[in-house]
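Participant: next input, structure requested:
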Amino acid sequence: MRKTHKATAKRFKITGKGKIVHNRQGDNAHLKTNKNRSQKARLNKQKVLASSKQAKNINILMN
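Facilitator: Just a heads-up that it's a prediction; the model follows:
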């Protein structure tokens, strides 16, 4: 039995259908005054991981 990679578990989430979602970088307090409202709203949404190779590696680390 492998241990869960805790840094990965904090950054990614597996949905019910098995897709991997993550929060985008930039949705924090750092340099928020330079971003406009639409950019901050776009960065606030979760994103489904597009690369199947990365998804496979993250799935290995999570389980």
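Participant: how about the strands in the protein?
Facilitator: Counting by DSSP state E, the chain has strands at residues 12-14, 20-23, 46-48.
Participant: tell me the strands beside the second one, with direction?
Facilitator: The reference is to strand 20-23. Applying DSSP bridges to the sheet, strand 20-23 is found paired with strand 12-14 (antiparallel), strand 46-48 (antiparallel).
Participant: residue nearest the centroid of the chain?
Facilitator: Centrality entry for the chain: nearest residue to the mean C-alpha point is His22, 1.6 Å, by CA atoms, centre = their mean.
Participant: burial measure for the nearest residue to that residue once chain neighbours are set aside, as a count.
Facilitator: Spatial nearest neighbour of His22, excluding adjacent residues (CB to CB, 6 or more residues apart in numbering): Phe12 at 4.9 Å. For every residue, glycine as well, the C-beta is placed using N, CA and C. Phe12 has 19 neighbours, counted by other CB atoms under 10 Å.
Participant: touching, Phe12 and Val21? I think so.
Facilitator: Yes. If you go by CB atoms under 8 Å, Phe12 and Val21 touch, sitting 7.1 Å apart.
Participant: can you point out the buried residues in the helix or strand bottoming out on mean pLDDT in the chain?
Facilitator: Across the helices and strands of the chain, mean pLDDT, DSSP states H and E gives its lowest value to helix 37-44, namely a mean of 87. Residues of helix 37-44 classed as buried: Leu43 (neighbour count, 16 or more other CB atoms under 10 Å).
Participant: noted, bye for now.
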